[in-house]
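Enquirer: 3D model of this:
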Amino acid sequence: MLESHASSRRNDFLLTHWSRYPAWPSAVAEAFSAWKSGRWPLSLGSEFTSGAKLRWHTLSLGPQTSQPVAPYPMDVLREGDWVSVHEADGEVILWAPKLNEQAFLAQSQLATERWSKLLTSLRQFFLERGFLEASTPILAPSPGTEAYLDSVSVRLRRWDGDEFTRYAITSPEFHLKKLLAAGCTKIFEIARCVRNLEGGEQHALEFHMLEWYRSFASHREIAADLVDLLVSLGGPRPRTRTWVSLVEEVMDQRSAWKHPTLTKLTSATERSEFLRQALQIQERDISERGPVARQPLESLLQALNVSSSANDGVNDLLQRLWLERLENLLAASADVPCIVENFPPALSALARVGTEGWAERFELYWRGLEIANAFHELNDPEENQRRWARDLEEKRRSGRPEVPLDDELSEAFAQGVPPAGGIALGVERLAMALWRVEKINEVRPFVY
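Expert: Modelled structure (predicted):
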């Protein structure tokens, strides 16, 4: 009953005393020096109690003699109203009343402030170290060829009627590599990216990707940058693991070496060689040597009780091994960031494969999230073409929509791209880990 009465007094005031959405007064700078503005309730002095009678005016900053003394402020003001209050005499201007009970407003303000500080800190980190900030197109001739990413296409029309298709980028990688070819040696960008078929508590359709590249460097220098960046943001220093060390650990945990197909492997040397053969298998090995080439990998999966089928490619099998067995090890120590390096060559993506047979790339995991993915970038034009073609074939095999290659990028590699290290880091996911947020839509407003 009291709530209904208060609502009635508020409605009566808005209808009979308040001038709807008052015009902005003249001489604002001088007149507003003694006023405090914001959403009600404001942080005012002790003399502004809930029982104080405040004078209301609606049209100008000068007092209006014909205006009656208003009721108590708590009778008509609602939390969230936009007001200005004169800190000397208690006069109030109601600029815009809050007409509904939506709760996202205050949350959005706090999220925006925190998000803004994070973006500023990221930019300062790189600018202070001599990086150039790039600004590349969000719509590109190719979204990237990565096999397991789904892109969004847009049909555009120029003023002269010419129509063409562009793709919302899934990463700014291709354009940044063109800048490496142009001679930029240290570049970064915080780009807006779009990936279709994403969703859930850890994925967003639209997100921010921080990428940086160093010419005449490898993934090792990028890892050093990443450690410094995490520390500068107040995070802990990450530890480093290899793919093989993770597999060895899960084999020991599950007593997998006792599997009938592996009991003959008793020495550390034999087991190490077995894991090397299993993890370094590639599709071309199967093409050359037949199904026998993938036997070590299948034996490893059987010992770890990871399902497989004859239709699975090497990439499928390794991805399943990672998702079903290895990620759990990282989740067990989630509070400590972990850099996982030395990937199987079949998972090299666009990274170089080193002399010891491992892909020269790493990923950062923290608090159950894959946050960053770094490469010692492949700069061989012919090998890049083969990798792109391999990715497109994988897209076709998995039923994903095909995308075109970026001819301009091919030309850039033909002109020469220096050796470089590069990394892609999901900014929203970094924020989730830093702030211990479980849902990606809590880190900034308007996450889809």
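
Enquirer: show me where the stretch 51-200 of the chain has helices.
Expert: 73-76, 104-127, 173-182 (DSSP state H, counting those that start in this stretch).

Enquirer: quick one, which of the ones you listed is packed in tightest?
Expert: helix 173-182 (a mean of 21; mean count of other Cβ atoms under 10 Å). In short, each C-beta sits where N, CA and C put it, glycine included.

Enquirer: Can you say which of the helices of the stretch 51-200 of the chain is nearest to Val340?
Expert: helix 173-182 (20.0 Å; Cβ to Cβ).

Enquirer: For that closest one, which outside residues touch it?
Expert: For helix 173-182, contacts defined as Cβ atoms under 8 Å, 6 or more residues apart in numbering pick out 134, 136-137, 140, 142, 144, 169, 187, 189, 211, 213, 215, 350, 377, 406, 408-409, 412-413, 415-418, 420, 422, 424.

Enquirer: Give me the buried subset of the residues you listed.
Expert: 134, 136, 140, 142, 144, 169, 187, 189, 211, 213, 215, 350, 377, 406, 409, 412-413, 417-418, 420, 422, 424 (16 or more other Cβ atoms under 10 Å).

Enquirer: Sitting in strands, which of those residues do you find?
Expert: 140, 187, 189, 211, 213, 215, 420, 422, 424 (DSSP state E).

Enquirer: Spell out which residues sit in contact with the last one, please.
Expert: Which is Ala424. Counting by Cβ under 8 Å, 6+ apart, Ala424 makes contact with 171, 173, 209-211, 372-374.

Enquirer: and if we set it to 10 Å?
Expert: By Cβ atoms under 10 Å, 6 or more residues apart in numbering, Ala424 lies in contact with 170-173, 176, 191, 193, 209-212, 371-375.

Enquirer: and if you look at the third one?
Expert: For Glu189, the contacting residues are 126, 131-136, 172-173, 175-176, 179, 208-213, taking Cβ under 10 Å, 6+ apart as the criterion.

Enquirer: ok, 8 Å please
Expert: Counting by Cβ under 8 Å, 6+ apart, Glu189 makes contact with 133-136, 172, 176, 210-212.

Enquirer: One more: Ala349?
Expert: 146, 359, 361, 375, 387.

Enquirer: The last one: neighbouring residues, count only.
Expert: The reference is to Arg387. Neighbourhood size, Arg387 [other Cβ atoms under 10 Å]: 17.

Enquirer: I'd like the next helix or strand past the worst-scoring helix or strand of the chain on mean pLDDT.
Expert: When each helix and strand of the chain is scored by mean pLDDT, DSSP states H and E, helix 28-31 comes last, with a mean of 57. Downstream of helix 28-31, the first helix or strand assigned by DSSP states H and E is strand 35-39.

Enquirer: tell me the mean pLDDT for that next one?
Expert: The average pLDDT for strand 35-39 rounds to 83.

Enquirer: quick one: strands adjacent to it?
Expert: Partners of strand 35-39 in the sheet, by DSSP bridges, are strand 82-86 (antiparallel).

Enquirer: What residues of the partner strand count as buried?
Expert: So, applying 16+ other Cβ under 10 Å, buried residues of strand 82-86: 83-86.

Enquirer: Closest one of those residues to Lys395?
Expert: Val83 (56.4 Å).

Enquirer: quick one, what contacts the nearest residue in space to that closest one that is not next to it in sequence?
Expert: With Cβ to Cβ, 6 or more residues apart in numbering as the criterion, Val83 has its nearest non-adjacent residue at 5.0 Å, and that residue is Trp40. Counting by Cβ under 8 Å, 6+ apart, Trp40 makes contact with 77-83.

Enquirer: picking up where we left off before, compare the helices of the stretch 51-200 of the chain and give me the one nearest Ser309.
Expert: helix 173-182 (32.0 Å).

Enquirer: any idea how far that closest one is from the chain center?
Expert: Relative to the centre of its chain, helix 173-182 is centred 21 Å away, using Cα atoms, centre = their mean, to the nearest Å.

Enquirer: Dump that helix to CSV, restricted to CA.
Expert: C-alpha atoms of helix 173-182 as CSV (Å, rounded to 0.1, in the frame of the first residue of the first chain):
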residue,chain,number,x,y,z
GLU,A,173,46.2,-12.1,-39.4
PHE,A,174,46.2,-11.8,-43.2
HIS,A,175,46.3,-8.0,-43.3
LEU,A,176,48.9,-7.8,-40.6
LYS,A,177,51.2,-10.2,-42.6
LYS,A,178,50.8,-7.9,-45.6
LEU,A,179,52.2,-5.1,-43.4
LEU,A,180,55.1,-7.4,-42.5
ALA,A,181,55.8,-7.7,-46.2
ALA,A,182,55.5,-3.9,-46.5
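
Enquirer: avg pLDDT for it?
Expert: Here the average pLDDT along helix 173-182 is 96.

Enquirer: Adding pLDDT and distance to Gln302 as columns, could you present the contacts of Trp40 in JSON lines?
Expert: Conversion of those to JSON lines gives the following (pLDDT from 0 to 100; distance: Cβ to Cβ, whole Å):
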{"residue": "Leu77", "pLDDT": "84", "distance to Gln302": "70"}
{"residue": "Arg78", "pLDDT": "85", "distance to Gln302": "66"}
{"residue": "Glu79", "pLDDT": "83", "distance to Gln302": "62"}
{"residue": "Gly80", "pLDDT": "84", "distance to Gln302": "61"}
{"residue": "Asp81", "pLDDT": "88", "distance to Gln302": "67"}
{"residue": "Trp82", "pLDDT": "89", "distance to Gln302": "66"}
{"residue": "Val83", "pLDDT": "86", "distance to Gln302": "70"}
